[in-house]
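Participant: structure for the following, please:
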Amino acid sequence: NAQEYKTRVSYIEDLTYDIKLVRFELLEPKEMKFKPGQYAQIKVPGIDVIRAYSIASHPEHNNEIELIIRQVPKGQATTFVHKALEVGDKMILTGPYGDFYLQEESQRDMICIAGGSGKAPIRSILQYLKDQGMPRKVKYFFGAKSKRDLYYTEEFLELSKEFPNFEYIPALSEPQPDDAWTGETGLITDVVDRRVGDLTEAEAYLCGSPGMINACIKVLNKHDIKKENVFYDSFS
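Facilitator: Okay, here's the model as predicted:
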């Protein structure tokens, strides 16, 4: 039941050098009911461009929507967001959309894997689970090139302190000397391979590029995950 929303930009934050968080206050209608993991589309004013972005915010704070938007070289929509969009601007959003969302009835252990702006839907899922008292065991792997590509690190580390059954595992494929990085390094697929056990009874949520998702599915299969328990959102 997607519909059109009139919105006002209420907050913009630089999460990294090429990723912004944009918060939209819903003016009319005033609420969007969405499942954690779903996405919305924004209409770029003045050019006939519509783009989809996963919702990063808590599904119960439904009078506002947060989107995480990465600058794509020569991308019309992302260039508009990164260069022109300001707090107070009015925008048209439509949503919610998507078959990628948390299976709320399930009690299975969860493996979440994301790269780049793929953190958005996982953040929405985790905020929802946090409010439930983190009833499920969750391992969250996030793959980035170097430290400057990481964001929301503190938020997820705090979550892991609060809930022993939540583990956040960021991994850098090309850490820089001045990153002083002591965490996991290498390709996210190798890190997942090392850090998960038998996945026969687990559920996986993957967000990122098609290449990353395909490579991760191969690793999960190696650990005996069931095909019907793998959910993914591919950002092409």
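Participant: please make it C-alpha for all contacts and neighbour counts, starting now.
Facilitator: Fine.
Participant: and the helices in the protein, which stretches?
Facilitator: 76-83, 119-131, 153-162, 188-195, 210-222 (DSSP state H).
Participant: right, so of these, which gets closest to F100?
Facilitator: Across the helices of the chain, F100 has its closest neighbour in helix 119-131 (8.7 Å, Cα to Cα).
Participant: what is the closest one packed up against?
Facilitator: Contacts defined by 3 or more Cα pairs under 8 Å, 6 or more residues apart in numbering; DSSP states H and E place helix 119-131 against strand 203-208.
Participant: mind saving the C-alpha coords of the strand it packs on as PDB?
Facilitator: This file holds the C-alpha atoms of strand 203-208, laid out as PDB (Å, rounded to 0.1, in the frame of the first residue of the first chain):
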ATOM      1  CA  GLU A 203      18.400 -16.500   8.800                       C
ATOM      2  CA  ALA A 204      20.500 -14.000   6.700                       C
ATOM      3  CA  TYR A 205      19.800 -10.400   5.700                       C
ATOM      4  CA  LEU A 206      22.200  -9.000   3.000                       C
ATOM      5  CA  CYS A 207      22.400  -5.500   1.600                       C
ATOM      6  CA  GLY A 208      24.900  -4.100  -0.800                       C
END
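Participant: one step back: in CSV, list the helices of the chain along with mean pLDDT.
Facilitator: Formatted as CSV, the entries for these read as follows, by pLDDT from 0 to 100:
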stretch, mean pLDDT
helix 76-83, 93
helix 119-131, 96
helix 153-162, 95
helix 188-195, 97
helix 210-222, 96
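Participant: looking at the ones you listed, which is buried most?
Facilitator: Neighbour counts (mean count of other Cα atoms under 10 Å) averaged over each of these peak at helix 119-131, with a mean of 22.
Participant: related to what we said a few turns ago, to E31, which of the helices of the chain lies closest?
Facilitator: Between E31 and the helices of the chain, the tightest spacing by Cα to Cα is seen for helix 119-131, at 16.2 Å.
Participant: what pairs with the strand ranked longest in the chain, and is each one parallel or antiparallel?
Facilitator: Across the chain, the longest stretch assigned as strand under DSSP state E is strand 3-14. Note on strand 3-14: by DSSP bridges, its sheet partners are strand 19-28 (antiparallel), strand 90-97 (antiparallel).
Participant: the ones you listed: which one's closest to I69?
Facilitator: strand 19-28 (5.3 Å).
Participant: for that closest one, the distance to its chain's centre please.
Facilitator: 15 Å (Cα atoms, centre = their mean, to the nearest Å).
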